[in-house]
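Visitor: only geometry, no sequence info:
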């Protein structure tokens with residue numbers, strides 16, 4: 001019995017050695033392709049806040065059956081680490097099995113939805129043209145561009161994958177349906193910000209509503225508890241007044 005661990009270790013070493021010997025041999029030298037997990041890119045406070053608001057809205061609403069990410073590098077060429085993008089928010093219609101440090105389309109497929117929140121640099125036509133070209137190559141089905149400093153009618157732009165091409169859609173005003181996700185994109189105030197990109201459900205129907213942000217949900221819950229407490233206190237006062245009006249019981 002005392003020799004069993006040693007025998008087992010020997011068997012494991014032999015098995016590993018055998019498997020190593022059976023690996024393919026290559027006739028040319030190669031260097032591993034390195035795909036960094038982050039990029040040194042500055043981000044404004046406004047962009048950060050708006051990005052987090054939308055990421056949380058989508059992640060909370062869509063749940064675990066949809067993978068929602070934010071600001072990770074998405075690689076779309078297995079031979080070129082420079083072919084990448086970092087969408088402010090993206091979604092893939094598949095569960096997320098593990099934490100995402102970087103995204104490789106040849107392993108996970110392309111995200112169906114990507115959102116770009118425009119900064120001063122992105123607003124330059126040449127910069128946006130290069131980014132749009134990469135999204136065409138990436139293979140997203142829906143690209144959403146939100147410019148928080150744009151005017152009504154120009155804040156929200158959307159591209160759809162049509163017959164293989166990524167084509168800009170005509171958008172009226174500051175809201176439009178997502179053709180991939182069962183919701184609408186809506187430009188509206190959020191968490192003290194005058195304008196943010198939000199999502200809504202049942203738009204145009206009797207139950208149309210914006211999905212609440214986490215702050216709004218907490219505030220609504222606190223308001224509900226306060227209303228319940230005030231109602232209970234009012235009921236107690238009514239009962240006390242009713243008791244006070246009753247004549248004293250005779251002895």
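Guide: That came through, no problem. Keep in mind that what you see is a predicted model, and the values were worked out from it rather than measured.
Visitor: Now residue 111: closest residue in space, sequence neighbours ignored.
Guide: Closest residue to residue 111 apart from its sequence neighbours, by C-beta to C-beta, 6 or more residues apart in numbering: residue 90 at 4.0 Å. Every residue, glycine included, has its C-beta placed from N, CA and C.
Visitor: Tell me where the protein has helices.
Guide: Taking DSSP state H as the test, the helices found in the chain are 4-21, 45-62, 105-108, 125-138, 214-245.
Visitor: Distance to residue 156 and mean pLDDT for those - can I get that in a markdown table?
Guide: Formatted as a markdown table, the helices of the chain follow (distance: least, C-beta to C-beta, whole Å; pLDDT from 0 to 100):
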| stretch | distance to residue 156 | mean pLDDT |
| --- | --- | --- |
| helix 4-21 | 55 | 46 |
| helix 45-62 | 12 | 96 |
| helix 105-108 | 26 | 94 |
| helix 125-138 | 15 | 95 |
| helix 214-245 | 21 | 84 |
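Visitor: Identify whichever of those lies nearest to residue 199.
Guide: Closest of the helices of the chain to residue 199 is helix 45-62, at 5.4 Å (criterion: C-beta to C-beta).
Visitor: In terms of secondary structure, what does the closest one contact?
Guide: Helix 45-62 is packed against strand 67-69, strand 89-92, strand 113-117, strand 193-201, with contacts defined by 3 or more C-beta pairs under 8 Å, 6 or more residues apart in numbering; DSSP states H and E.
Visitor: got the end-to-end distance for stretch 68-81?
Guide: 22 Å (C-alpha to C-alpha, to the nearest Å).
Visitor: Pull out the buried positions in it.
Guide: By 16 or more other C-beta atoms under 10 Å, the buried positions in stretch 68-81 come out as 68-76.
Visitor: gap between it and the chain center?
Guide: Centroid separation for stretch 68-81 versus its chain: 15 Å, with C-alpha atoms, centre = their mean, to the nearest Å.
Visitor: Quick check: residue 155 touching residue 174?
Guide: Yes. Assessed by C-beta atoms under 8 Å, residue 155 is found in contact with residue 174 at 5.6 Å.
Visitor: what is in contact with these two at once?
Guide: Residues touching both residue 155 and residue 174 by C-beta atoms under 8 Å, 6 or more residues apart in numbering: residue 187.
Visitor: Please check which residues sit opposite residue 113 as beta-bridge partners.
Guide: residue 91, residue 142 (DSSP bridges).
Visitor: so it makes contact with residue 74?
Guide: No. Residue 113 is beyond contact range of residue 74, at 12.0 Å (criterion: C-beta under 8 Å).
Visitor: Give me the distance between stretch 60-78 and the centre of its chain.
Guide: Stretch 60-78 has its C-alpha centroid displaced from the chain centroid by 6 Å (C-alpha atoms, centre = their mean).
Visitor: likewise stretch 176-193?
Guide: 13 Å.
Visitor: before we move on, what about stretch 212-223?
Guide: For stretch 212-223, the distance from its own C-alpha centre to the chain's C-alpha centre is 20 Å (C-alpha atoms, centre = their mean).
Visitor: Name the residues of that stretch that come out as buried.
Guide: 212-213.
Visitor: thinking again about what came up before, return every residue with contacts to both of residue 113 and residue 74.
Guide: Both residue 113 and residue 74 are contacted by residue 90, under the criterion C-beta under 8 Å, 6+ apart.
Visitor: still on that earlier bit, put together TSV for the helices and strands packed on helix 45-62, with mean pLDDT on each row.
Guide: Below are the helices and strands packed on helix 45-62 laid out as TSV (pLDDT from 0 to 100):
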stretch	mean pLDDT
strand 67-69	96
strand 89-92	97
strand 113-117	98
strand 193-201	96
